[in-house]
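[1] Sequence plus the predicted model coming up.
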Protein chains: 2
Amino acid sequence: MKYTARINIMPLNNLLDPQGKAVKQTLQSLKYSEISDVRIGKHIKLIIDASDEQSAKQIAEEISRKVLTNPVMEYFKINVCKFEVVE
Amino acid sequence: MKYTARINIMPLNNLLDPQGKAVKQTLQSLKYSEISDVRIGKHIKLIIDASDEQSAKQIAEEISRKVLTNPVMEYFKINVCKFEVVE
C-alpha cells in the first residue's frame, strides 16, 4: 500500500535564518508591515510503499533523521497519510 | 492578534524536480527501496498581525501569490492558525 509522508524541515528556533530574514525585509519594504517574522525551511513529500501507516511513518522518520536533516541546525515534523493521486 | 501561516510551496506535478530526483536516487542507493517518489519544495512560516483569521489568510495568500511563488513552476497551499509560542 502506498502512503504519502509530508516532512517539514525548519531551522531551529534559536538559530538565525538568513533566508527568512531577507524575505521579511523584502515584505516590509513592500509595505506588508503585518508580517512580524518569517522562517523558511524545506517541505519534502515522500511516496512510500509500506504494509501499514505505522511502518510508513517509521521509514519516514528514519530517513528524516539519518538523511534529510542536520540535527545541529534543523528540526522536522512528519505527517503520514494514505496516498491519493489528486493532491 | 497574531496568526501563524504555514505555506507549502511545491514544484508543479508535471514538472521535473531535479533536487527530489537526486534525493530519491540517494535513498535507493542507501537501500530504501520503499521510496517510489520524492518531491522537494519550500515550507515558509509567517507570523502575521491581523484582526481575524480570515484576514490573516488573505494576507498570506496575497503574499504567496505575489511574492513567494512562481506560478509557472510552483503551486502553494496555506494553513493559518492562531500563533502559539511553543511550536
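    Alright, I've got the coordinates.

[2] can you give me the helices in chain A?
    A:18-29, A:53-63 (DSSP state H).

[3] looking at the ones you listed, which is buried most?
    helix A:53-63 (a mean of 17; mean count of other CB atoms under 10 Å in any protein chain shown). C-betas here are computed from N, CA, C, even on glycine.

[4] ok, residues contacting it?
    When contacts are defined by CB atoms under 8 Å, 6 or more residues apart in numbering or on different chains, helix A:53-63 is touched by residues A:3, A:5, A:7, A:46, A:48, A:50, A:78, A:80-82, B:27, B:32, B:34-35.

[5] okay, it in PDB with CA atoms only?
    Taking Å, rounded to 0.1, in the frame of the first residue of the first chain, the C-alpha atoms of helix A:53-63 are listed here in PDB:
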ATOM      1  CA  GLU A  53       0.700   3.600   8.200                       C
ATOM      2  CA  GLN A  54       2.800   2.800  11.300                       C
ATOM      3  CA  SER A  55       5.600   1.300   9.300                       C
ATOM      4  CA  ALA A  56       5.400   4.100   6.700                       C
ATOM      5  CA  LYS A  57       5.800   6.600   9.500                       C
ATOM      6  CA  GLN A  58       8.800   4.700  10.900                       C
ATOM      7  CA  ILE A  59      10.500   4.700   7.500                       C
ATOM      8  CA  ALA A  60       9.900   8.400   7.000                       C
ATOM      9  CA  GLU A  61      11.200   9.200  10.500                       C
ATOM     10  CA  GLU A  62      14.400   7.100   9.900                       C
ATOM     11  CA  ILE A  63      15.000   8.800   6.600                       C
END
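
[6] how far does it sit from the chain's center?
    15 Å (CA atoms, centre = their mean, to the nearest Å).

[7] could you check the angle helix B:18-29 makes with it?
    100 degrees (axes from the mean of the first three to the mean of the last three CA atoms, to 10 degrees).

[8] any idea of the mean pLDDT for helix A:53-63?
    Mean pLDDT, computed over helix A:53-63, is 95.

[9] Same check on stretch A:36-48?
    96.

[10] hmm, stretch A:3-22 touching chain B?
    Yes. Using CB under 8 Å from any CB of the partner chain, stretch A:3-22 comes into contact with chain B via A:6, A:8-10, A:13, A:20.

[11] Just the buried subset of the residues you listed, written out for ChimeraX, thanks.
    Here is the ChimeraX command that selects only those of these that count as buried (16 or more other CB atoms under 10 Å in any protein chain shown):
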select /A:6,8,9,10,20
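
[12] ok, the residues of stretch A:3-22 next to chain B vs chain B, which is closest?
    Using CB to the nearest CB, A:Asn8 comes nearest to chain B of the residues of stretch A:3-22 next to chain B, at 4.6 Å.
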